[in-house]
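Enquirer: This is a predicted model, with the sequence first.
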Amino acid sequence: MESPNTLFHKTKERGLHTLIFTLLLMVFISVISYTPSDISAITGGKLEHQYSNLFGALGARISYFMFLSFGLGAYPITILIFSSAVRRLLNLNIHKTNWIYFLSIIFFASGISTCLGCYPDFMPSLCKSLNISQIPGGALGSLLANPEHGWLYHICNRLGCVILSLALISYSLYVFMSFDWPKQHTEKVDADDEPSFTPNNSNTIQDEEKEKNTFAQLKNTLASWFQTKHDESDALQEVSSEAAPEYLPAVSEEISTLEKAPEPSPRKSSKKNKEALGEQELPLADTLPLEENLDHIIEDEKPHEIFSGQLTEPQQSTQTTRYKLPSLDLLTNGDSEIKISPEEVQRKKDIIQETLEHFKIKAHMGEAFPGPRITLYEIIPDKGVRIEKISSISNNLSMELQAQMGIRIITPIPGRRSVGVEVPNDEASSVWLRAMVETKDFKNSDAMIPIVLGKDISGNTSVMDLARAPHLLIAGATGAGKSVFMNCLIMSLLYRFTPDELELILVDPKKVEFAPYANIPHLVCPIITEAEQVPSALRWASFEMDVRYDLLAAVGVRNLSDFNNRKKKPTEPTEDKNGNSIPEKLPLTVIIVDEVADLMSNKNTRAEIENSISRIAAKARAVGIHLVLATQSPRTNVITGVIKANFPTRIAFQVSSYTDSMTILDGKGAEQLLGRGDMLFNPPASSNLLRIQSAWTPDEDIEKVVEFISKQQSQRFKDIVKTGSAEIANGTDGEDYASDDEQQDSIISQAMDIIRRDKKTSISYLQRKMRIGYNKAANIIEELEDIGFLSAADHTGKREILDDIYKNPEEPS
Ligand SMILES: Nc1ncnc2c1ncn2[C@@H]1O[C@H](COP(=O)(O)OP(=O)(O)OP(=O)(O)O)[C@@H](O)[C@H]1O
């Protein structure tokens with residue numbers, strides 16, 4: 001159901017387009033029905049003239065203006081403008097046109113007129129019959145390129161003029177024909193159907209299809225027009241015995257070049273692959289309208305085998321065709337005004353000033369920066385005053401300001417010659433997620449993975465780039481606001497990325513925090529709630545990381561963004577060194593763990609989880625895998641040195657003690673926070689802590705967004721989670737390479753079977769096929785070398801299968 005506002009915008013836009021179309025139709029008909037005899041009536045001021053133009057006096061004037069300005073160029077210019085108007089009208093998805101579009105019309109007109117202006121004797125009889133003799137390029141062409149007085153002609157001669165004008169014509173035709181409305185040059189106005197901001201990759205294939213159709217229509221229109229024009233000119237040629245107009249073939253050539261443009265290759269069917277890869281496709285609810293189409297679409301996908309038989313690669317699917325990012329209308333539009341009065345600010349300034357005077361600290365009050373819950377008051381100390389004196393009276397300031405918590409002294413405020421005192425406001429205001437997502441800071445953020453944090457101390461929107469973080473550690477006491485923040489983090493992702501662009505793994509030992517997201521199609525696997533399932537999920541992430549590195553290496557790029565933005569060269573291999581086919585794009589993967597302490601307290605899983613986390617954290621940034629860990633127990637046995645070293649970006653909510661603050665932030669401050677979303681953010685590569693009030697969105701909003709998203713696409717889980725308990729119980733999980741001889745033998749023979757069958761000898765291939773850790777796979781390969789089944793690695797790292805010795809017993813000798 002469209003909102004009245006959207007309906008109004010749509011109606012307005014369509015009305016405007018119809019008006020433009022009508023005007024252009026009038027120009028078109030006026031030019032086509034141009035009659036030279038009408039000119040004398042116009043120029044001679046005859047009142048009683050029977051106009052031959054189909055639009056009478058108005059049409060005669062319009063066409064006169066067009067021929068006067070552009071000469072013979074009036075025909076192609078009018079046709080081009082008109083056909084683009086038809087195209088716009090046919091394209092019911094209304095987009096705003098921008099200046100590039102209009103600029104290209106000007107370029108086209110200038111190009112045609114300049115080209116014709118170089119040849120004042122071009123088709124004299126036609127020009128004469130049109131009453132524009134001597135100026136085939138019209139006033140514009142004459143001004144620019146007339147051999148006697150054209151200024152461009154004087155600069156670069158006829159050849160220069162012709163080359164320049166052909167360049168202008170080609171460029172403008174290119175813009176017209178391949179104009180990619182939603183992607184580059186326009187902004188969608190249909191806020192109800194589309195999100196009100198356009199994310200990088202959110203242009204859907206549906207749009208592309210539509211554009212292609214419209215493109216074809218325009219192309220046909222233009223082609224048939226040129227054909228007609230060509231016939232007309234042939235006829236004229238016969239009548240006037242003049243040479244054929246030179247510009248027409250040139251433009252026709254443009255058209256035929258465009259016609260010959262290669263069609264995108266059809267996608268291969270993936271049904272077989274899907275079965276082979278053991279994907280689980282969960283049924284959609286009966287009510288879903290898109291189900292049938294989606295099934296059809298899924299068949300058209302091209303899969304890539306990125307992770308063993310059980311796992312699939314991210315979909316390059318036409319599923320995106322149907323996928324729409326959620327609209328902002330789904331979020332509550334709450335009041336985010338900062339509620340602090342000038343009187344309150346002045347009163348608090350006075351209290352701070354009096355306290356300073358009482359302690360004989362020479363300083364005066366500067367500006368105040370009001371935030372949603374805290375206001376920063378600036379104290380400017382006199383020369384020679386030790387600023388530590390100000391921090392030493394923080395308790396007195398708290399007392400005088402009657403603030404139980406929340407006073408924090410910043411000595412000095414970075415970049416200013418002053419000390420800051422953060423004081424809670426009498427009345428707190430909420431920071432609604434919608435208000436944040438609507439801001440330019442988020443909409444226009446050039447961050448690769450923008451995450452809404454909230455409002456900072458000055459009331460500005462704070463957005464972080466998870467890609468730069470590249471991993472995030474969150475800590476805070478119970479009830480301090482971690483879950484609310486993580487909801488905003490997940491919502492930021494859902495508002496920005498389609499399921500093809502983003503994979504999510506959610507770990508929720510408490511079983512309730514992430515439950516609302518259980519149906520989103522971005523999930524790689526069902527929400528993980530058992531600690532025992534986490535090692536295998538992390539192991540998958542670790543494999544995925546290695547596989548992605550190989551894929552990146554195969555195409556010679558250094559990170560995920562380069563990989564996804566690469567221009568495919570004809571020489572690009574189709575497979576990486578392990579035989580994995582190279583996909584067009586790879587998705588981002590974000591792993592969010594709600595309570596890491598629960599995982600670390602499980603002695604069976606702790607070691608592997610810590611190893612995997614540190615491995616992923618250390619290496620996964622470049623391949624687009626990001627970790628977000630949260631804990632309500634910021635103790636050193638949970639946030640270990642290894643984890644801390646790999647998580648430079650941290651967020652602290654209120655904690656219960658100074659020690660906890662030290663553990664999470666390596667500094668004090670978090671124990672002074674107010675709770676309920678009051679946080680300190682430690683940005684990557686910075687020691688300045690930023691105080692931010694976290695954004696907030698009610699559960700109903702999350703439900704609405706999840707419902708909207710999950711109705712569009714079914715979940716397609718990968719088999720990454722093993723219960724793992726059996727494996728763990730007998731001590732064979734992770735890198736704990738087996739001690740048991742029997743088991744060892746069976747693993748070795750399994751590995752030999754795989755190698756024999758697939759003729760692949762790399763560690764990562766074995767790792768993927770056997771779903772084991774890297775070290776374990778490396779150990780097996782070494783053992784196979786020791787027993788003479790494999791040769792030693794050559795200089796490229798390849799090994800031979802020395803199968804003579806180890807013949808497969810089933811194979812005939
Ligand atoms: N940004 C915020 N704005 C307004 N209120 C908030 C905000 N963050 C948290 N709150 C309030 O604090 C309550 C507790 O927040 P939340 O559930 O996020 O805490 P938590 O740190 O996850 O606690 P636990 O670790 O026990 O799950 C929320 O129900 C909400 O009322």
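Expert: That came in fine, so what should we check first?
Enquirer: Based on its surroundings, how many neighbours for residue 607?
Expert: Using other C-beta atoms under 10 Å, residue 607 is surrounded by 15 other residues. Placement of C-beta: from N, CA and C, glycine included.
Enquirer: Where does it sit, in terms of helix or strand?
Expert: According to DSSP states H and E, residue 607 maps onto helix 603-619.
Enquirer: got the angle for the next helix-or-strand element following that helix vs helix 603-619?
Expert: Downstream of helix 603-619, the next assigned helix or strand under DSSP H and E is strand 625-631. Here strand 625-631 runs at an angle of 130 degrees relative to helix 603-619 (axes from the mean of the first three to the mean of the last three C-alpha atoms, to 10 degrees).
Enquirer: contacting residues around the very next helix or strand once past strand 625-631?
Expert: On the C-terminal side of strand 625-631, the nearest following helix or strand under DSSP H and E is helix 641-646. Contacts with helix 641-646, where a contact means C-beta atoms under 8 Å, 6 or more residues apart in numbering, come from 471, 473, 610, 613, 614, 617, 618, 629.
Enquirer: Check which residues of helix 641-646 are buried.
Expert: Within helix 641-646, the residues that count as buried by 16 or more other C-beta atoms under 10 Å are 643, 646.
Enquirer: May I have that helix exported as CSV, CA atoms only?
Expert: The C-alpha atoms that make up helix 641-646 are tabulated as CSV, following Å, rounded to 0.1, in the frame of the first residue of the first chain:
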residue,chain,number,x,y,z
GLY,A,641,45.2,-10.9,25.1
VAL,A,642,45.0,-12.7,21.8
ILE,A,643,41.5,-11.5,21.2
LYS,A,644,42.3,-7.9,22.3
ALA,A,645,45.3,-7.8,20.0
ASN,A,646,43.1,-8.6,17.0
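Enquirer: neighbouring strands for the following helix or strand past that helix, and are they parallel or not?
Expert: Next in sequence after helix 641-646, counting helices and strands by DSSP H and E, comes strand 649-652. According to DSSP bridges, strand 649-652 forms sheet pairs with strand 472-475 (parallel), strand 678-682 (antiparallel).
Enquirer: I'd like the average pLDDT over strand 649-652.
Expert: Strand 649-652 carries an average pLDDT of 94.
Enquirer: Tell me the first helix or strand C-terminal of that strand.
Expert: Remark: after strand 649-652, the chain's next helix or strand is helix 658-665, criterion DSSP H and E.
Enquirer: what mean pLDDT does that following helix have?
Expert: When pLDDT is averaged over helix 658-665, the result is 90.
Enquirer: so which residue of the chain comes closest to the ligand?
Expert: Residue of the chain nearest the ligand, by C-beta to the nearest ligand atom: residue 677 (2.4 Å).
Enquirer: My read is that that residue contacts residue 454, right?
Expert: Yes: using C-beta atoms under 8 Å, residue 677 makes contact with residue 454 at a distance of 6.8 Å.
Enquirer: Poorly predicted segments of the stretch 51-200 of the chain, please.
Expert: By pLDDT under 70, the weakly predicted segments of the stretch 51-200 of the chain are 84-85, 87-102, 132-134, 176-200.
Enquirer: Show me the helices in it, by range?
Expert: Using DSSP state H, counting those that start in this stretch, the helices of the stretch 51-200 of the chain run over 56-70, 74-90, 99-117, 124-129, 138-145, 151-177.
Enquirer: nearest to residue 337, of those?
Expert: Residue 337 lies closest to helix 99-117 among the helices of the stretch 51-200 of the chain, at 35.8 Å (C-beta to C-beta).
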